[in-house]
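Enquirer: how does the following fold in three dimensions:
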Amino acid sequence: MITLVFRLMLLIVAVLLYLNGISSGFILPAIVWLHLVIGMMFRLIPNKRISPGARKHFFAPEKPTLIQPKTNIHKGTVAIAIVWIVLNAFIFLLMHLTGLLIFEIALMVLLFYSVCDVAFIQFTCPFRLIFMRNRCCTTCRIYNWDFLMMVTPLILFPSLFSLSLITLAFAVFIRWEYAAWRYPERFAIETNPQLCEGCEAK
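Expert: Model (predicted):
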């Protein structure tokens, strides 16, 4: 909830600056950059300080029940990728047609995505409900896609700020995907009981 409130505050500041005709300047993008980079580094370096859903690609199951999961852990991922690409292509086109294809708007879209990212975890995730039908965020197959999704609006605005974030987000994505395809047993409840250890949900 702290992360949700923090990101929401950043979004509100970005919107207020834009509505008052004030450039986002250096400070706001710098705060956003630092916040995202720290989050991505936690996803790249093995650690147990992040949620189980975000770190399952790091650690092999201590007591695996099976060698390979029987279910398809990749269910819905292609559909989600296509939907995300189409959605952002539409947003880019809309920004272009309305004359709003500027960095400040892209930054606001990024921050909106970042708020949605945490809100989906805290409340309800449409990707889980519509496409993957997984049990919870701990077992989410696309958990570490979040940073790449967040920085998508920066693609059309190359700079040190955007390229560094996109590069790191892509590294998080590649590290995650490698583990998902190389070690699928880490991503399924049936082969990695630690994912739901202590959880009372049915």
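Enquirer: point out where this structure drops to low pLDDT.
Expert: Residue ranges of the chain with pLDDT under 70: 64-66, 198-202.
Enquirer: can you do 80?
Expert: Residues of the chain meeting the criterion pLDDT under 80: 61-68, 70-71, 196-202.
Enquirer: regarding it, what is its longest helix?
Expert: helix 160-182 (DSSP state H).
Enquirer: what helices or strands is it leaning on?
Expert: For helix 160-182, the elements it packs on are helix 27-44, helix 146-150, judged by 3 or more C-beta pairs under 8 Å, 6 or more residues apart in numbering; DSSP states H and E. In short, each C-beta sits where N, CA and C put it, glycine included.
Enquirer: now render the ones you listed as TSV, adding mean neighbour count and distance to R55.
Expert: Output for these, formatted as TSV (neighbours: other C-beta atoms under 10 Å; distance: least, C-beta to C-beta, whole Å):
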stretch	mean neighbour count	distance to R55
helix 27-44	16	8
helix 146-150	23	13
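Enquirer: closest one to S162 among those helices?
Expert: S162 sits nearest to helix 27-44 of all the helices and strands packed on helix 160-182, at 9.3 Å, using C-beta to C-beta.
Enquirer: the helices and strands packed on helix 160-182 into CSV, with extra columns for distance to L101?
Expert: Output for those, formatted as CSV (distance: least, C-beta to C-beta, whole Å):
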stretch, distance to L101
helix 27-44, 17
helix 146-150, 19
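Enquirer: just the buried positions in the longest helix of the chain, please.
Expert: Buried residues in helix 160-182, defined by neighbour count with 16 or more other C-beta atoms under 10 Å: 161-162, 165-166, 168-169, 171-173, 176-177, 179-180.
Enquirer: and it with helix 27-44, angle?
Expert: On the basis of axes from the mean of the first three to the mean of the last three C-alpha atoms, to 10 degrees, helix 160-182 is oriented at 20 degrees to helix 27-44.
Enquirer: can you list contacts of helix 160-182?
Expert: With contact meaning C-beta atoms under 8 Å, 6 or more residues apart in numbering, helix 160-182 is reached by 29, 33, 36-37, 40-41, 43-44, 57-58, 73-74, 141, 143-145, 147-148, 150-151, 154-155, 186-187.
Enquirer: quick one, what contacts P29?
Expert: 107, 161 are the contacts of P29 under C-beta under 8 Å, 6+ apart.
Enquirer: spatially central residue for the chain, please.
Expert: Central residue of the chain (C-alpha atoms, centre = their mean): D146, 0.8 Å from the mean position.
Enquirer: which residues are in contact with that residue?
Expert: Per C-beta under 8 Å, 6+ apart, neighbours of D146: D117.
Enquirer: now the helices for the chain?
Expert: 2-19, 27-44, 52-55, 77-97, 103-122, 126-127, 146-150, 160-182.
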